[in-house]
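*Asks:* sequence first, predicted coordinates after that:
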Amino acid sequence: MIWLTRDFYLTLDGYDRMQIIESQFFNRILYYNYAIVAHIVAYGVVILLEIKHLRHKLSTVDKTYVFGVCSIYLLSMVMHAFFVEFAGSWRDFTPYYLTISVYFLLVGYLLYTNPKFLTSIGGKYFSSNLGEEEMKAIVAKMDALFKSEGVFLQRNLSLSQVAEKLNIPSYKISQSLSTHLAENFNDYVNKHRIKHAENLLKSSDFQHYKIEAIAIDSGFNNKVTFYKAFTAIHQMTPSAFRKAHIYERVK
């Protein structure tokens, strides 16, 4: 736009520029906006073709973000085309720029406050690239690994570490847990850690262990995290759980 309007945009002051834009809006400036719409549409087509070409190579998370960014871009394209088509003067574009700016700010704020927003959408809408049997097999491999090697007892265990052990892409593990068990990786790990902690809390051999020691021995980094995870599952604290089972043994 600056290049096309260089004859006045780069040489005149703001007031004179606006006078020319207003006087030449229909016979010149509006055609430039048609060119912008064509430009945006061309990019939109390229984006869609690239998504189609690469869809089998993208992870679920990548597909989600591509879908989100592409949707925002295409919405901007439609809005711009609408205002160009029905503009009566250059001032009619003010609502467009205001609306699209507010929209982008709201999307940016949403993703800043909730970074997993698009990922959660992806888990819901892009989970079809793994079959049910494949997801069951992945969960079975996870269960076998956790049972045989007790990897959940490692503090700071990461999804990438498990993926490397199983030689399965991280996104496939996440998708399988989310779809097949309705759990994320942290939930799955904590479930096994809590089960291990339950056995320690019930055992008379570990009654001299403090709760914090139980937490550390079960793979948690600290007592606070352990209390939170344990209470979420049992609706009681680890101390109350231990006392309840001591009472049962006495009876």
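*Replies:* Looks like it came in fine. Residues are numbered from 1 along each chain as shown.
*Asks:* go through the one helix or strand V102 maps to and flag the buried ones.
*Replies:* V102 is part of helix 94-113 when elements are defined by DSSP states H and E. Across helix 94-113, burial judged by 16 or more other C-beta atoms under 10 Å covers 96, 100, 107. Using the backbone N, CA and C atoms, a C-beta is placed for each residue, glycine as well.
*Asks:* got it, and stretch 186-206?
*Replies:* Residues of stretch 186-206 classed as buried by neighbour count (16+ other C-beta under 10 Å): 188-194, 196-198, 200-202.
*Asks:* which of these sits closest to M142?
*Replies:* Y188 (7.1 Å; C-beta to C-beta).
*Asks:* surely that closest one and S174 touch.
*Replies:* No. Using C-beta atoms under 8 Å, Y188 is not in contact with S174; the gap is 9.8 Å.
*Asks:* wait, what's in contact with K172?
*Replies:* 130, 134, 138 (C-beta atoms under 8 Å, 6 or more residues apart in numbering).
*Asks:* so which of those sit within strands?
*Replies:* Nothing among the contacts of K172 maps onto strands, per DSSP state E.
*Asks:* which one of those sits in the busiest neighbourhood?
*Replies:* The most crowded member of the contacts of K172, judged by other C-beta atoms under 10 Å, is I138 (20 neighbours).
*Asks:* ok, that one to G131 distance?
*Replies:* 11 Å (C-beta to C-beta, to the nearest Å).
*Asks:* follow-up on the earlier one: need the contacts of K172 in a markdown table with distance to V151 and pLDDT, can you?
*Replies:* Below are the contacts of K172 laid out as a markdown table (distance: C-beta to C-beta, whole Å; pLDDT from 0 to 100):
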| residue | distance to V151 | pLDDT |
| --- | --- | --- |
| L130 | 22 | 70 |
| E134 | 22 | 88 |
| I138 | 15 | 92 |
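*Asks:* redo the residues you listed as TSV? Include distance to F8.
*Replies:* What follows is the contacts of K172, written out as TSV (distance: C-beta to C-beta, whole Å):
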residue	distance to F8
L130	58
E134	62
I138	63
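*Asks:* S76: which element?
*Replies:* helix 60-86.
*Asks:* residues of that helix that come out buried?
*Replies:* 60-61, 63-68, 74, 76-77, 79-81, 83-84.
*Asks:* out of those residues, what pair is the most spread apart?
*Replies:* Across the buried residues of helix 60-86, no pair lies farther apart than T60 and V84, at 36.3 Å, counting by C-beta to C-beta.
*Asks:* run a quick neighbour tally on I2.
*Replies:* Here the number of neighbours of I2 (other C-beta under 10 Å) works out to 7.
*Asks:* name the SS class of it, please.
*Replies:* coil (DSSP: H, G, I helix; E, B strand; the rest coil).
*Asks:* need the pLDDT of the nearest residue to it once chain neighbours are set aside.
*Replies:* Spatial nearest neighbour of I2, chain neighbours left out: Y9 (5.8 Å); criterion: C-beta to C-beta, 6 or more residues apart in numbering. In this model, Y9 is scored at 79, pLDDT.
*Asks:* distance check, Y9 against I51.
*Replies:* For Y9, the distance to I51 - C-beta to C-beta - is 36 Å.
*Asks:* excluding residues flanking it in the chain, which one is nearest L12?
*Replies:* I20 (7.2 Å).
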